[in-house]
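show me how the following folds:
(chains A and B)
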Amino acid sequence: SQKIEQNSEALNIQEGKTATLTCNYTNYSPAYLQWYRQDPGRGPVFLLLIRENEKEKRKERLKVTFDTTLKQSLFHITASQPADSATYLCALGFQKLVFGTGTRLLVSP
Amino acid sequence: DVKVTQSSRYLVKRTGEKVFLECVQDMDHENMFWYRQDPGLGLRLIYFSYDVKMKEKGDIPEGYSVSREKKERFSLILESASTNQTSMYLCASSKLQGIYEQYFGPGTRLTVT
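This is a model prediction of the structure:
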């Protein structure tokens, strides 16, 4: 069955550093991959979408890479801030998405 | 500002009660979704609708039904609530054509006692 893996352990980093989150998948050949941010007690909010023919996508301090050979996406936040602390979810699919369980990011001042 | 709203933020129901969760979107989206989110299990799709009166089962439809009588409204029904349906329920919507992001509501935390 399709499986999406994100590191279940929280990632702790210091303000100003680059945070890198990983999304690995198996038994799937997605043409699209999305990243969402979720704050406690709230619904996820869309951040970025990357297509299989795009190796990298950027939006302000965010960068996403998509390696279909490794079956992996990396999500980077540069110059991280405490306000970036949240859980980040990756999702695969077309109209219906399959979500990973998310990785919690904690940015300390 | 686009919006998906859900009828309740918190809900407490008793075992065996019939529960209605309502979701409304103001973006004229064709697709609407119901998920539940549990610690360690992530977001799991319960039901999906791509048009009025159309529905498709998701990964965990057992114990749930849905209704979509109007484009903007998608209801999730728990016919006879059970304690294992205690969860956070999230509604989302998206456009039909092409690849688009999903917009989520704030969620309803349902507790069944």
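
any regions of chain A where pLDDT drops low?
Across chain A, nothing is flagged by pLDDT under 70.

for it, which residue gets nearest to chain B?
residue A:43 (3.1 Å; CB to the nearest CB). Backbone N, C-alpha and C define where each C-beta goes, glycine included.

what residues does chain B have near chain A?
B:4, B:31, B:33, B:35, B:40-43, B:45, B:48, B:50, B:58, B:90, B:92, B:94, B:96, B:99, B:101-107, B:109 (CB under 8 Å from any CB of the partner chain).

next up, the contacts around residue B:89.
Going by CB atoms under 8 Å, 6 or more residues apart in numbering or on different chains, residue B:89 touches B:6, B:21, B:34-37, B:76, B:107-110.

rerun at 6 Å
By CB atoms under 6 Å, 6 or more residues apart in numbering or on different chains, residue B:89 lies in contact with B:21, B:36, B:108, B:110.

how close does it sit to residue B:35?
As judged by CB to CB, to the nearest Å, residue B:89 and residue B:35 stand 7 Å apart.

for residue 97, grab phi and psi.
Since no chain was named, I'll use chain A. phi -100, psi 150 (degrees, to the nearest 10).

ok, residue B:85 next?
Backbone dihedrals for residue B:85, given as degrees, to the nearest 10, come out at phi -100, psi 0.

which residues does it contact?
Applying CB under 6 Å, 6+ apart, the residues near residue B:85 are B:78, B:112.

over to the one 3 residues further on?
With contacts defined as CB under 6 Å, 6+ apart, the neighbours of residue B:88 are B:37, B:107, B:109.

any idea which of these is the one closest to residue A:52?
residue B:37 (27.1 Å; CB to CB).

can you list the residues of chain A near chain B?
Contact residues (CB under 6 Å from any CB of the partner chain) of chain A with chain B: A:32, A:42-44, A:46, A:96, A:99, A:101.

out of the residues you listed, who's nearest residue B:72?
Among the residues of chain A next to chain B, and counting by CB to CB, the member closest to residue B:72 is residue A:43, at 17.2 Å.
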